[in-house]
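Peer 1: Any chance you could fold what I've pasted below:
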Amino acid sequence: MADAFVSFAVKKLGDFLIQQISLRKNLRKEIEWLRNELLFIQSFLRDAELKQCGDLRVQQWVFEINSIANDAVAILETYSFEAGKGASRLKACACICRKEKKFYNVAKEIKSLKKRIIDISRKRETYGITNINSTNSGEGPSNQVTTLRRTTSYVDDQDSIFVVLQDVVQTFLAQLLKAEPRRTVLSIYGMGGLGKTTLARNLYKNPNIASSFPTRAWICVSQEYNTIDLLKIIIKSIQGCAKETLDLLEKMAEIDLENHLRKLLTECKYLVVVDDVWQREAWESLKRAFPDSKNGSRVIITTRKEDVAERADDRGFVHKLRFLSQEESWDLFRRKLLDVRAMVPEMERLAKDMVEKCRGLPLAIVVLSGLLSHKKGLSEWQKVKDHLWKNIKEDKSIEISNILSLSYNDLSTALKQCFLYFGIFPEDQVFEADNIIWLWMAEGFIPRGEDRLEDVAEGFLNELIRRSLVQGDYTFWERVTKCWVHDLLRDLAIQKALEVNFFDIYDPRSRSISSLCIRHVIHSQGERYLSLDLSNLKLRSVMFFDPNFREMRLINFRSVFQRLYVLYLDINVGNRCIVPDAIGSLYHLKLLSLPGIRDVPSSIGNLKNLQTLVVDEGRNFCKLPCETADLINLRHLVAQYTKPLVHISKLTSLQVLKGAGCDQWKDVDPVDLVNLRELRMYRIKKSYSLNNISSLKNLSTLRLFCRDRQSFPDLEFVNSCEKLQKLWLGGGLEKLPLFPDSITMISLLGSKLMEDPMPILGRLPNLRNLQLFRASYEGKEIMCSDNSFSQLEFLHLHDLSKLERWDLGTSAMPLIKGLGIHYCPNLKKIPERMKYVELLKWNNKYVDLLNLNFML
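Peer 2: Residues are numbered from 1 along each chain as shown. As a prediction, the model looks like this:
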């Protein structure tokens, strides 16, 4: 893992030497020496990382290499910034040589690093760390960072575990939906890796469950819990996060929160999932808030403890999640294998031996399958088996930790960094794929090459999903939009991260956090964290996941966080929160997340290195100062802002713009936004003109939502968007516009079309995915003629209440492989050929979120 940090440092040192042409000769030699020495040490890192698990001295050696690499990068970045503030680079360099206070003493710092590297080299020989990179053994993962292109545009989110465990799924569906008015607790228990949380997620998202329980909430309890926080989470998931709600909850004691939640649920038929309960006391502290109104409400509890499950409800339903049979295990393994056809008989024999030793544990099986999917040939599979067999006896199973660690070690260094980042997030949290991708970019994990950084990062995410190290939670338009990690894999990420000082999570009990880590994570008591002495730390990233932290004024931007690349605030600040002007002093910042903020200070214009600015993704509106247009390196802007950004065309690096209102866009000249790929616009009125969108020559994704279910203005400009691939229209349409041939995905919502749209849509030569949502078509019949929809793979018909008949030509939709028909009550019959097409699940939660935007 340290190899990734060293690679990054070596690259930075090389770039620095090229850019700083006026460096003093002696200083240049010192930096060249440092770069070459780190490059030399890099060749020993693989052996060190293989040995560090069994030798604490070697582990400490890897720690020190990591620290030196990080310090080298921090020194150069601070120097480059300070030098850039001078009249010229020559003047800046001269100032450093004279040791003026305004410049960092680079020479002294480099000499200090040189002494540490000499000590490192001496210890390397003492500990017997050898250069195994010079051999051609081929063992272990490659340390060379390569660009992982997307091998597929679609990552299947169908959970293979529950294809083989359909009996369990049907049992729980029957219990949840049965005509039992009493509030019932359903408990799922079993060891880690059996799929308790995954089962609960599948039930929670099931369309029949979603329609039967109007009120639903999910909380993760875990080993360390706070009853007050848990009650607040449930209340906010039911009532939302409006200012009034947040202010009210802030004033409530535990008994008040309990009574408030009980009152909210009294008249509701609800489903609440209480995930990962470790102690009986945790459930006891919550259950009084769940009333029994004799309306069929349900609570699902997942736990590893049998006594917790058995005592949750005297008359409840308790299910011990079983291990898979040998036949089910093999079926699951084959389903997750990327290329079953490449498995020759000898490989199948090896695989069956390994799967048998997994003893029916689903997580172990899918991770093993993901690992072997990336090993080519019999010899590579044999090496995996030999490695696993070292740690077991003939009559015992493979320890799941060995499979998880082996799969982690098989990752490239770039992918290791990306995987470790998932340990930062709170347990069982579902997170936006875009946020993960943008964070990776800001941290410098994504190697630069010919492809867009966003595409490479998405390829990394898909690779981790294919290896079953990350779970895709939602997919939309054939890409993963939300994901999560299993708690055992999260534990692995945290363990590996601590070994190399990748990040540290603040522990409020000991009031301590590592001074060696450049990334700090705060899950609770953010105010206490900020009271620590952080003045001498070289922090690179600070991430708050504290729902109770509201006072940004406590953050010392000018000194403690001066070198930050990432400031990520996942907090409920409410509308009272004020962002200090001092935030403009974080000159190195590449990603800034400020959820729920109403006013952004003008000093934000100083953040010339900022790549990503996320102010709000909900229904709140914010005021962006005109200085936002000075962010020349901004690539992603997510903010529903109220004042027009008059000079938005200055943002020539902008790739994603989400949240622009039509009032803020109508007078924009977007001709210079040459890199804009994705635009999401709201509050559109029929009186507006959107024709200037045609100037966005590289636009590939466009989402447009009308205000208050109004109709669109003329949309003929769409046909001029020659690179447009994905189009979402939420609003009334008098007729369909002409679409460019480049279109691959179309979603229509509330279009109220009276004329059958299929004749026009069926002629699109590249259309792969079509979704007709609520009231998009109000006719009674759709006709798909022969030879139409030649490339269509996925079709969704959702809430078309008047649709009665569907005629399908014999040669129409030859490539169809997924069909979703939901809430079309008058459609009594589907074409015979469609009966053999895989049925697609429906994600109510995701579409409901989009409907909110549509209603703005």
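
Peer 1: Which helix or strand contains the residue lying closest to Leu39 once chain neighbours are set aside?
Peer 2: Of all residues not flanking Leu39 in the chain, Val10 sits nearest, at 5.4 Å (Cβ to Cβ, 6 or more residues apart in numbering). To be clear about C-beta, it is placed using only N, CA and C from the backbone, and glycine gets the same treatment. Following DSSP states H and E, one finds Val10 within helix 2-19.

Peer 1: With only the CA atoms kept, save that helix in CSV.
Peer 2: Only the C-alpha atoms of helix 2-19 are listed here, as CSV (Å, rounded to 0.1, in the frame of the first residue of the first chain):
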residue,chain,number,x,y,z
ALA,A,2,2.9,2.4,0.8
ASP,A,3,3.9,1.9,-2.9
ALA,A,4,1.0,4.1,-3.9
PHE,A,5,2.2,7.0,-1.7
VAL,A,6,5.7,6.6,-2.8
SER,A,7,4.6,6.6,-6.5
PHE,A,8,2.7,9.7,-5.9
ALA,A,9,5.6,11.4,-4.1
VAL,A,10,8.1,10.4,-6.9
LYS,A,11,5.8,11.9,-9.5
LYS,A,12,5.4,15.1,-7.5
LEU,A,13,9.1,15.5,-7.1
GLY,A,14,9.7,15.0,-10.8
ASP,A,15,7.0,17.6,-11.7
PHE,A,16,8.4,20.0,-9.2
LEU,A,17,11.9,19.8,-10.7
ILE,A,18,10.4,20.5,-14.2
GLN,A,19,8.3,23.4,-13.0
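
Peer 1: For the helix or strand following that helix, what is the distance to the chain centroid?
Peer 2: Counting by DSSP H and E, the next helix or strand C-terminal to helix 2-19 is helix 25-42. From the chain centre to the centre of helix 25-42 is a distance of 37 Å (Cα atoms, centre = their mean, to the nearest Å).

Peer 1: Between helix 2-19 and helix 25-42, find me the angle.
Peer 2: Taking axes from the mean of the first three to the mean of the last three Cα atoms, to 10 degrees, one finds that helix 25-42 is oriented at 160 degrees with respect to helix 2-19.

Peer 1: export helix 25-42 as CSV, just CAs?
Peer 2: Backbone C-alpha positions of helix 25-42 (Å, rounded to 0.1, in the frame of the first residue of the first chain) are rendered in CSV as follows:
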residue,chain,number,x,y,z
LYS,A,25,21.7,24.3,-7.7
ASN,A,26,22.3,22.7,-4.3
LEU,A,27,18.6,22.5,-3.5
ARG,A,28,17.9,21.0,-6.9
LYS,A,29,20.5,18.3,-6.2
GLU,A,30,18.9,17.5,-2.8
ILE,A,31,15.5,17.1,-4.4
GLU,A,32,16.9,14.9,-7.2
TRP,A,33,18.6,12.7,-4.6
LEU,A,34,15.4,12.4,-2.6
ARG,A,35,13.4,11.5,-5.7
ASN,A,36,15.9,8.8,-6.8
GLU,A,37,16.2,7.3,-3.3
LEU,A,38,12.4,7.0,-3.1
LEU,A,39,12.3,5.4,-6.5
PHE,A,40,15.0,2.9,-5.3
ILE,A,41,13.1,2.2,-2.1
GLN,A,42,10.0,1.6,-4.0
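
Peer 1: for it, which positions count as buried?
Peer 2: 27, 30-31, 34-35, 37-38, 41-42 (16 or more other Cβ atoms under 10 Å).

Peer 1: cool, stretch 511-529 as well?
Peer 2: 513, 517-526, 529.

Peer 1: Stretch 747-762 too?
Peer 2: Neighbour-count burial for stretch 747-762, counted by 16+ other Cβ under 10 Å, picks out 747-751, 753, 756-758, 761-762.

Peer 1: Could you find the two of the residues you listed that are most distant from each other?
Peer 2: Maximum pairwise distance among the buried residues of stretch 747-762 (Cβ to Cβ): 21.7 Å, between Gly750 and Gly762.

Peer 1: Closest one of the buried residues of helix 25-42 to Lys623?
Peer 2: Checking the buried residues of helix 25-42 against Lys623 with Cβ to Cβ, the nearest one is Ile31 at 44.3 Å.

Peer 1: which residues touch that closest one?
Peer 2: Contact partners of Ile31, counting by Cβ atoms under 8 Å, 6 or more residues apart in numbering, are 13, 16-17, 23, 110.

Peer 1: Just the closest of the residues you listed to Leu363, please.
Peer 2: Closest approach between the contacts of Ile31 and Leu363, by Cβ to Cβ: Leu13, at 41.0 Å.

Peer 1: Spell out which residues sit in contact with the closest residue in space to the closest one that isn't next to it in sequence, please.
Peer 2: The shortest distance from Leu13 to any non-neighbouring residue, by Cβ to Cβ, 6+ apart, is to Arg35 (3.9 Å). By Cβ under 8 Å, 6+ apart, Arg35 lies in contact with 10, 13-14, 17.

Peer 1: Tell me who's in contact with His636.
Peer 2: Per Cβ under 8 Å, 6+ apart, neighbours of His636: 434, 438, 611-614, 654-656.

Peer 1: can I assume Leu749 is in contact with Trp728?
Peer 2: Yes: with contact defined as Cβ atoms under 8 Å, Leu749 reaches Trp728; the gap is 7.4 Å.

Peer 1: returning to what we had before: pLDDT at the residue nearest to Leu13, what is it?
Peer 2: Listed pLDDT for Arg35 reads 83.

Peer 1: Quick check: it vs Lys29, distance?
Peer 2: 11 Å (Cβ to Cβ, to the nearest Å).

Peer 1: again with Arg805
Peer 2: Using Cβ to Cβ, Arg805 is found at 81 Å from Lys29.

Peer 1: what do you get for Asp386?
Peer 2: Counting by Cβ to Cβ, the gap from Asp386 to Lys29 is 47 Å.

Peer 1: how many other residues sit next to the closest residue to Asn391 other than its chain neighbours?
Peer 2: Residue nearest to Asn391 in three dimensions, not counting chain neighbours: Asn402, with 5.1 Å by Cβ to Cβ, 6+ apart. Asn402: 15 surrounding residues under other Cβ atoms under 10 Å.

Peer 1: what's near enough to touch Asn402?
Peer 2: Applying Cβ under 8 Å, 6+ apart, we find Asn402 in contact with 388, 391-392.

Peer 1: just checking, next helix/strand downstream of whatever helix or strand it lives in?
Peer 2: Following DSSP H and E, one finds Asn402 within helix 400-409. Following helix 400-409 in sequence order, the next helix or strand is helix 413-420 (DSSP H and E).

Peer 1: for that following helix, what is the average pLDDT?
Peer 2: For helix 413-420, the mean per-residue pLDDT is 87.

Peer 1: Ok, stretch 346-358 next?
Peer 2: 91.

Peer 1: Distance from the chain centre to that stretch, please.
Peer 2: Distance, centroid of stretch 346-358 to centroid of chain: 33 Å (Cα atoms, centre = their mean).

Peer 1: same check, this time on stretch 442-449
Peer 2: Here stretch 442-449 is found 16 Å from its chain centre; the criterion is Cα atoms, centre = their mean.

Peer 1: Quick one: mean pLDDT over it.
Peer 2: Mean pLDDT, computed over stretch 442-449, is 83.

Peer 1: Equivalent analysis for stretch 323-339, please.
Peer 2: Mean pLDDT, computed over stretch 323-339, is 89.

Peer 1: again with stretch 474-493
Peer 2: Mean predicted confidence for stretch 474-493 is 89.

Peer 1: cool, stretch 234-242 as well?
Peer 2: Stretch 234-242 carries an average pLDDT of 79.

Peer 1: What residues of it count as buried?
Peer 2: Within stretch 234-242, the residues scored as buried using 16+ other Cβ under 10 Å are 234-236, 238-239, 241.

Peer 1: Same list, these, but as TSV with distance to Leu795 please.
Peer 2: Shown next, in TSV, are the buried residues of stretch 234-242 (distance: Cβ to Cβ, whole Å):
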residue	distance to Leu795
Ile234	37
Ile235	39
Lys236	36
Ile238	34
Gln239	36
Cys241	35
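
Peer 1: Understood, closing this out.
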